[in-house]
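Colleague: Provided below for reference: sequence and predicted model.
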Amino acid sequence: MRSAIIEVVIHWAEGQGSLKCPKTFKTLGEANRFLRQLSWSAPQGGGYDKVKFTLTWADQNQFTGRYDLVHPTASNQVHCFGLHARRFFEFASGEHCPGHMTAEQYRRVLAQSYDLETQQTCRAALQKLAFAEEDQP
């Protein structure tokens, strides 16, 4: 069974979100609903508001990251902290080359940014952690 996300902390946010942070949620669903609501205050003409967050899983693994919050009318971005973290782990593990990169560019970025131990840690995280509500036990 994969370890479930048991807490999401939004440490700070730019823009109107700064008035509502820090904020702690006990479920991923609550945090994602707040994130979607907050997205309506993000810049409409392009750009984004930065959001710093930490996910904590039941096995006490943690991931702290930065989320680029865009306005719902500016992008078809899915506002989900878990999906954002999963995509990071997929990228950093060497298991997912984004469509905008060639295989050679991806290999070079991995070699420059993530050592082999980090890549292995990310691969292990993908196997044992739940990243979305439907993955939660």
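Modeller: Sure thing, it's come through.

Colleague: any chance you could map the strands in the chain?
Modeller: Ranges of strands in the chain, per DSSP state E, are 5-13, 23-25, 49-57, 62-69.

Colleague: Now render those as a markdown table, adding distance to Lys128.
Modeller: Glycine gets a C-beta too; all of them are placed from N, C-alpha and C. Shown next, in a markdown table, are the strands of the chain (distance: least, Cβ to Cβ, whole Å):
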| stretch | distance to Lys128 |
| --- | --- |
| strand 5-13 | 13 |
| strand 23-25 | 22 |
| strand 49-57 | 9 |
| strand 62-69 | 13 |
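
Colleague: Would you format these as CSV with mean neighbour count included?
Modeller: Converted to CSV, the strands of the chain look like this (neighbours: other Cβ atoms under 10 Å):
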stretch, mean neighbour count
strand 5-13, 19
strand 23-25, 17
strand 49-57, 19
strand 62-69, 16
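
Colleague: Determine which residue of the chain is most distant from the centre point.
Modeller: Glu104 (24.9 Å; Cα atoms, centre = their mean).

Colleague: What separation do you get for that one and Phe88?
Modeller: Here Glu104 is placed at a distance of 21 Å from Phe88 (Cβ to Cβ, to the nearest Å).

Colleague: for Gly65, same thing?
Modeller: 6 Å.

Colleague: could the strands of the chain be laid out in a markdown table, adding mean pLDDT and distance to Leu83?
Modeller: Shown next, in a markdown table, are those (pLDDT from 0 to 100; distance: least, Cβ to Cβ, whole Å):
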| stretch | mean pLDDT | distance to Leu83 |
| --- | --- | --- |
| strand 5-13 | 92 | 11 |
| strand 23-25 | 95 | 16 |
| strand 49-57 | 92 | 11 |
| strand 62-69 | 90 | 10 |
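
Colleague: Tell me which of these lies nearest to Ala130.
Modeller: strand 5-13 (6.5 Å; Cβ to Cβ).

Colleague: and the angle from the closest one to strand 49-57?
Modeller: 160 degrees (axes from the mean of the first three to the mean of the last three Cα atoms, to 10 degrees).

Colleague: now strand 5-13 and strand 62-69, what's the angle there?
Modeller: 50 degrees.

Colleague: wait, isn't Leu35 in contact with Leu69?
Modeller: Yes. Between Leu35 and Leu69 there is a contact at 7.0 Å, judged by Cβ atoms under 8 Å.
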